[in-house]
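*Asks:* for reference, the sequence and a predicted model appear below.
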Amino acid sequence: MEDFLWVALVSLAGLVSLYWSGFGTLQGPFIVAFLSYLALIFIISSVLLRSFRWGFKASFSALITVSFLSLIHKLSFPSYDSLAPVAYFLVLLLSFLINMIILYGRFVKKKPLFVVYAEYKFAITFVVVSTILVGLLIASQPLLEQFGLLSMVGAALAYLVMLFFLAPFIRLEGEFRSLEEISREEKRVKNFIRRYGKDRQLYPFFASWLGAAVETVEDYIDSLEAKGYLGHNFFSAHNFFFWFFTFVSFLAGVASANGSLALSVVPFAPLVVGIVLFAPQSFMRRRTRRLSGVMVLLVAMLVLYLWGYIPLKFGAISALLALVSIYFAYKDDEVVSMVFASFFTGSLFVLGYSLWKVPVVLTGAPWLITAAVFLLLMYEYYTRG
């Protein structure tokens, strides 16, 4: 629990730092280049580590490093130097490489975390100290002062984030695995489903063998769906990778329309909560959870209705895409479910944009987000298979 609270606190502080700093008061083209670079290292880490979850740890921890650096940059240098933000790319790469060393030793070589620290401690310390010394040398040049100082601070931040953020992030892996453990009754239901299928007409038969109510069988099946034992359901509450992308897609739409991020959460939060409650989960009874999900979705639609007709229209489309994806996930059509889940993620960009501007002319961002999420989900699907 302590690791979870620490990771949540540092993550929130990092994201708030990005917001307060205006990302170092950077211009639009630079932000696009940085985000493209971040997406590239995420793809590279996911391929090398053969896991989105671990790739996300490597790239997100590197982003947290840069987020604190951007706030330090804004507070330390009132005058803006157009060359200084290049240090963000250097620090992102340095932090990413340190994270990859730790994750590769921990998850690919299957070694305990303290053993990985012992093996790579000297190498990581050498790289960090060398970067600080080189940054000090660069900072002595009049035109490169900000770049050198940011490189020095960023190297120290990369080391600290690795110790105090990535390490508890890795330790949480055990907690996440416990969420995916199944009980003895769930194992029996899984075996029944493998033999006979999961048609609703068979639920009374399963219930008679288990000595339980039909509603209990429904809850067991939902729990198995959410934990990934009956295929992959993208709307499970602990699927942080998918929810992170939906959150980024929505906020990107809001930012493109120059809207208020804080106010935009008002209609977005009940929409997401309603979808989570309607999807298969390992908590709450199925009927209670689905009824609650429908009620929360209606609240979300009411908020969007009060906001305007166009947001209501795109909010309803987003919710429909999510519900269709959940339906096909129940039917074990994972590829079809991926398609609708990807379009749901892309549609949130349009929803965020439509809250503040009429989406008459949009960039290709929603389609790019949809395609990227679909390719990543497909890669994870075949890698897991």
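*Replies:* Received it, and whenever you're ready, just let me know what you need.
*Asks:* surely Ala39 touches Ala372?
*Replies:* Yes. Using CB atoms under 8 Å, Ala39 makes contact with Ala372 at a distance of 7.3 Å. Glycine gets a C-beta too; all of them are placed from N, C-alpha and C.
*Asks:* any stretches of the stretch 251-385 of the chain with poor pLDDT?
*Replies:* 361, 383-385 (pLDDT under 70).
*Asks:* quick one: the helices in it?
*Replies:* Using DSSP state H, counting those that start in this stretch, the helices of the stretch 251-385 of the chain run over 261-278, 286-307, 309-330, 334-354, 365-384.
*Asks:* TSV for those, including mean neighbour count?
*Replies:* Below are those laid out as TSV (neighbours: other CB atoms under 10 Å):
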stretch	mean neighbour count
helix 261-278	19
helix 286-307	17
helix 309-330	20
helix 334-354	24
helix 365-384	17
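*Asks:* pipe those helices into TSV and attach distance to Ala139 per row.
*Replies:* TSV is the format used below for the helices of the stretch 251-385 of the chain (distance: least, CB to CB, whole Å):
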stretch	distance to Ala139
helix 261-278	34
helix 286-307	49
helix 309-330	48
helix 334-354	40
helix 365-384	37
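*Asks:* how far away is Leu376 from Val47?
*Replies:* Separation of Leu376 from Val47 (CB to CB, to the nearest Å): 10 Å.
*Asks:* equivalent analysis for Met338, please.
*Replies:* 18 Å.
*Asks:* same question, Val128
*Replies:* In this view, Val128 and Val47 are 26 Å apart by CB to CB.
*Asks:* quick one, which of those two is more surrounded?
*Replies:* Val128 (20 against 12; other CB atoms under 10 Å).
*Asks:* what residues does the closest residue to Ser59 other than its chain neighbours make contact with?
*Replies:* Using CB to CB, 6 or more residues apart in numbering and skipping residues adjacent in sequence, the residue nearest Ser59 is Phe42, 4.0 Å away. By CB atoms under 8 Å, 6 or more residues apart in numbering, Phe42 lies in contact with Gly55, Phe56, Ala58, Ser59.
*Asks:* just the element for the third one, please.
*Replies:* In this case it means Ala58. Per DSSP states H and E, Ala58 falls inside helix 52-76.
*Asks:* so that helix versus helix 365-384, what angle?
*Replies:* 140 degrees (axes from the mean of the first three to the mean of the last three CA atoms, to 10 degrees).
*Asks:* buried residues, helix 52-76. List them.
*Replies:* For helix 52-76, the neighbour count (16 or more other CB atoms under 10 Å) marks 52, 54-74 as buried.
*Asks:* Glu145 reaches Gly135, doesn't it?
*Replies:* No. Taking contacts as CB under 8 Å, Glu145 lies outside contact range of Gly135: 10.5 Å.
*Asks:* the two: who's more crowded?
*Replies:* More neighbours surround Gly135 than the other of Glu145 and Gly135, with 24 against 16 (other CB under 10 Å).
*Asks:* now do the more buried one against Ala167, distance only.
*Replies:* Distance from Gly135 to Ala167, by CB to CB: 24 Å.
*Asks:* contacting residues around the most centrally placed residue in the chain?
*Replies:* Centroid-nearest residue in the chain, with CA atoms, centre = their mean: Phe244, separated by 2.6 Å. When contacts are counted by CB under 8 Å, 6+ apart, Phe244 touches Phe56, Phe60.
*Asks:* secondary structure class of it, three-state.
*Replies:* Following DSSP: H, G, I helix; E, B strand; the rest coil, we place Phe244 in the helix state.
*Asks:* confidence score at it?
*Replies:* Looking at Phe244, its pLDDT is 79.
*Asks:* the one 3 residues further on now?
*Replies:* In the predicted model, Phe247 carries a pLDDT score of 85.
*Asks:* and it, what element?
*Replies:* helix 240-256.
*Asks:* quick one: Trp54 and Met100 touch, right?
*Replies:* No. Counting by CB under 8 Å, Trp54 stays clear of Met100, with 9.4 Å between them.
*Asks:* what sits in contact with each of the two?
*Replies:* Ser45.
*Asks:* pretty sure Ile64 contacts Ser11?
*Replies:* Yes. Contact criterion CB under 8 Å: Ile64 and Ser11 qualify, at 6.8 Å.
*Asks:* could you check the distance from the closest residue to Glu181 other than its chain neighbours over to Tyr220?
*Replies:* Once flanking residues are discounted, Glu181 sits nearest to Lys227: 7.9 Å by CB to CB, 6+ apart. As judged by CB to CB, Lys227 and Tyr220 stand 11 Å apart.
*Asks:* ok, Ala365 - contacts?
*Replies:* Ala365 neighbours (CB under 8 Å, 6+ apart): Ala252, Gly253, Ser256, Phe349.
*Asks:* in CSV, list these along with distance to Thr363.
*Replies:* CSV is the format used below for these (distance: CB to CB, whole Å):
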residue, distance to Thr363
Ala252, 10
Gly253, 10
Ser256, 7
Phe349, 9
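*Asks:* hey, C-alpha coordinates of stretch 332-344 in CSV?
*Replies:* The C-alpha trace of stretch 332-344 is given here as CSV (Å, rounded to 0.1, in the frame of the first residue of the first chain):
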residue,chain,number,x,y,z
ASP,A,332,-14.4,-13.9,-27.4
ASP,A,333,-13.9,-11.9,-30.6
GLU,A,334,-10.8,-10.2,-29.3
VAL,A,335,-9.6,-8.7,-32.6
VAL,A,336,-13.1,-7.1,-33.2
SER,A,337,-13.1,-5.9,-29.7
MET,A,338,-9.6,-4.3,-30.2
VAL,A,339,-10.9,-2.4,-33.3
PHE,A,340,-13.8,-0.8,-31.3
ALA,A,341,-11.6,-0.2,-28.2
SER,A,342,-9.1,1.6,-30.5
PHE,A,343,-11.8,3.8,-32.1
PHE,A,344,-13.1,4.5,-28.6
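*Asks:* residues in contact with it?
*Replies:* With CB under 8 Å, 6+ apart as the test, stretch 332-344 has contacts from 230-235, 242, 246, 318, 321-322, 324-326, 328-329, 370-371, 373-374, 377-378, 381.
*Asks:* alright, I will stop here.
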